[in-house]
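Fold the following for me, if possible:
(chains A and B)
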Amino acid sequence: EAQVTQNPRYLITVTGKKLTVTCSQNMNHEYMSWYRQDPGLGLRQIYYSMNVEVTDKGDVPEGYKVSRKEKRNFPLILESPSPNQTSLYFCASSVRDSTNVAFGSGTRLTVV
Amino acid sequence: GDSVTQMEGPVTLSEEAFLTINCTYTATGYPSLFWYVQYPGEGLQLLLKATKADDKGSNKGFEATYRKETTSFHLEKGSVQVSDSAVYFCALSEGYGGATNKLIFGTGTLLAVQP
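Got it, this is the predicted structure:
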């Protein structure tokens, strides 16, 4: 089944403790991105990647890192999480220059 | 920059009522327009899309028409069901032909349908 898989679905952590949210897609998509969803703000793009080893900042990149060592994986790294990064995170992927975007099921992160 | 504005919620309707959720956009290019739906506890699913002016997207009884003259993409359904209760997001894809992958989202509208 074609899908975007994120893990974990839920995570509670403490301020400053490094964490990684994984994202994997099995559709051979070139383009992958991360969004965060906050009440009253909708979804905002954090980082995106056009292909392996090619990443760039989205609209709200502060406090996040990403890597794209393999085409299928695009992990989101929070080196030193803070409470303002408490949010619902979505990974997305698509064929490059396509309007068909697939989303993962989301990761609800709480930083205390 | 490009942006999407959609009506605030929550929208509360009785079953079989008519639904309209307004969405307007600002864009410098020729974006594609989308409606995504998020059911409770789930991720985003594409509901419908339109890629050029005057196109009508439709799915599951929902419709939206790409109106360039009013920069709008309002979502409508003639008769809502309890199972339509969800958060609805209007979005656009930037760039010529709307094919640059980045999506700009509205703030979302919560729809609650009561039996």
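
Nearest residue to residue 90 in space, ignoring adjacent ones along the chain?
Defaulting to chain A. residue A:35 (4.7 Å; Cβ to Cβ, 6 or more residues apart in numbering or on different chains). To be clear about C-beta, it is placed using only N, CA and C from the backbone, and glycine gets the same treatment.

Hmm, no, I was thinking of chain B.
That would be residue B:23: by Cβ to Cβ, 6+ apart, it lies 3.5 Å from residue B:90.

ditto for residue B:61
residue B:77 (5.2 Å).

So that neighbour sits against residue B:62, correct?
Yes - applying Cβ atoms under 8 Å as the test, residue B:77 and residue B:62 come out as touching, 4.9 Å apart.

what number of residues lie near the residue nearest to residue A:90?
For residue A:35, the neighbour count with other Cβ atoms under 10 Å in any protein chain shown is 27.

quick revisit: which residues does the residue nearest to residue B:90 form beta bridges with?
Applying DSSP bridges to residue B:23 gives these bridge partners: residue B:6.

got a pLDDT number for the residue nearest to residue A:90?
What the model reports as pLDDT for residue A:35 is 96.

Contacts for stretch B:21-30, please.
B:2-7, B:11, B:31, B:33, B:35, B:52, B:64, B:70-76, B:88, B:90, B:92, B:94-98, B:106, B:109, B:111 (Cβ atoms under 8 Å, 6 or more residues apart in numbering or on different chains).

contacting residues around residue 33?
No chain in the question, so chain A it is. Applying Cβ under 8 Å, 6+ apart, the residues near residue A:33 are A:45, A:46, A:47, A:48, A:49, A:58, A:74, A:91, A:92, A:93, B:101, B:102.

not quite, I wanted chain B
Neighbours of residue B:33 in contact, by Cβ under 8 Å, 6+ apart: B:23, B:25, B:49-51, B:57, B:64, B:66, B:73, B:90-93, B:98.

ends of stretch A:30-48, how far apart?
11 Å (Cα to Cα, to the nearest Å).

Any buried residues in it, and which?
A:30-37, A:42-48 (16 or more other Cβ atoms under 10 Å in any protein chain shown).

Compute the distance between the spatially most central residue of chain B and residue B:93, please.
A centroid search over chain B (Cα atoms, centre = their mean) returns residue B:35, at 3.2 Å, as the residue closest to the centre. The gap separating residue B:35 from residue B:93 is 13 Å, by Cβ to Cβ, to the nearest Å.

Please apply the same query to residue B:54.
When residue B:54 is compared with residue B:93 (using Cβ to Cβ), they lie 18 Å apart.

More neighbours: which of the two?
residue B:93 (25 against 10).

Any idea how many residues pack against the closest residue to the more buried one other than its chain neighbours?
Closest residue to residue B:93 apart from its sequence neighbours, by Cβ to Cβ, 6+ apart: residue B:32 at 4.5 Å. Residue B:32 sits with 24 neighbouring residues when counted by other Cβ under 10 Å.
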